[in-house]
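Enquirer: structure for the following, please:
(one chain, ligands or ions: 1)
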Amino acid sequence: MEEDSIIEGQPISAGAVLTTQLAMLHTDEKTFKNHTEFRPERFLENNNLEKRLIPFGIGKRSCLGESLARAELYLITGNMILDFDFESVGAAPRIQTPTPFALMKRPPSYDIRFIPRSK
Ligand code: HEM
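Expert: This is a model prediction of the structure:
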């Protein structure tokens, strides 16, 4: 902050470094209803929802590797889906991070079996 300010009633001193907690945005019930449910179709039901998803940050200090990461995710995930069927080993855990207060949220461990698709 360049000067002393008050945001939502919270005094912030000049010189303080502010950062957005992206995970809070992505688990906001007003935007992502029942956010612990894995429901990718929510993005098909609401065309504007994707604009609310900002995993790479935004602005001057946003992720430098975003294009690379998107290309890798597209290629890796796409090829895995083409070549394998997936099934869970045991019951799937609830979507809930074991590190709720950490800067980086980690998903619970989860074993998945990859079954090669017959060509
Ligand atoms: C799924 C993969 C990735 C995600 C979700 C991700 C997410 C992020 C986020 C949220 C930030 C902080 C943005 C901010 O402070 O507002 C960041 C910063 C950064 N990321 Fe990534 N990232 C990914 C992959 C990568 C890759 C593959 C690279 C490099 C090859 C990379 C390089 C960087 C760098 C250098 C910064 C710091 C940018 C700065 O402070 O100016 N990231 N990333």
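
Enquirer: could you check the pLDDT of the residue of the chain found nearest the ligand?
Expert: Per Cβ to the nearest ligand atom, Gly65 is where the chain lies closest to the ligand, at 2.0 Å. Quick note: C-beta positions are derived from backbone N, CA and C, even for glycine. Per-residue pLDDT puts Gly65 at 97.

Enquirer: burial of it, as a residue count?
Expert: If you count neighbours by other Cβ atoms under 10 Å, Gly65 ends up with 9.

Enquirer: separation between it and Thr97?
Expert: 22 Å (Cβ to Cβ, to the nearest Å).

Enquirer: now swap in Arg42 and tell me
Expert: As judged by Cβ to Cβ, Arg42 and Thr97 stand 19 Å apart.

Enquirer: domain-wise, how is the chain divided?
Expert: 10-62, 64-93+102-119 (automatic domain parsing).

Enquirer: for Asp4, find the nearest of those domains.
Expert: Proximity to Asp4 (Cβ to Cβ) singles out domain 10-62 among the domains of the chain, at 5.1 Å.

Enquirer: for the record, mean pLDDT for the closest one?
Expert: Average pLDDT, domain 10-62: 91.

Enquirer: so Phe114 sits in a strand?
Expert: Yes - under DSSP: H, G, I helix; E, B strand; the rest coil, Phe114 sits within a strand.

Enquirer: next, count neighbours for Ser5.
Expert: Applying other Cβ under 10 Å, we find 13 other residues in the vicinity of Ser5.

Enquirer: for Phe86, grab phi and psi.
Expert: Here is the backbone geometry of Phe86 (degrees, to the nearest 10): phi -120, psi 140.

Enquirer: give me the pLDDT for it.
Expert: Note for Phe86: predicted pLDDT of 94.

Enquirer: got the contact list for the closest residue in space to it that isn't next to it in sequence?
Expert: Nearest-residue entry for Phe86: Ile112, 5.4 Å, with adjacent residues in sequence omitted and distances by Cβ to Cβ, 6 or more residues apart in numbering. By Cβ atoms under 8 Å, 6 or more residues apart in numbering, the residues touching Ile112 are 86-89.

Enquirer: before I go, just wanted to say thanks for your time.
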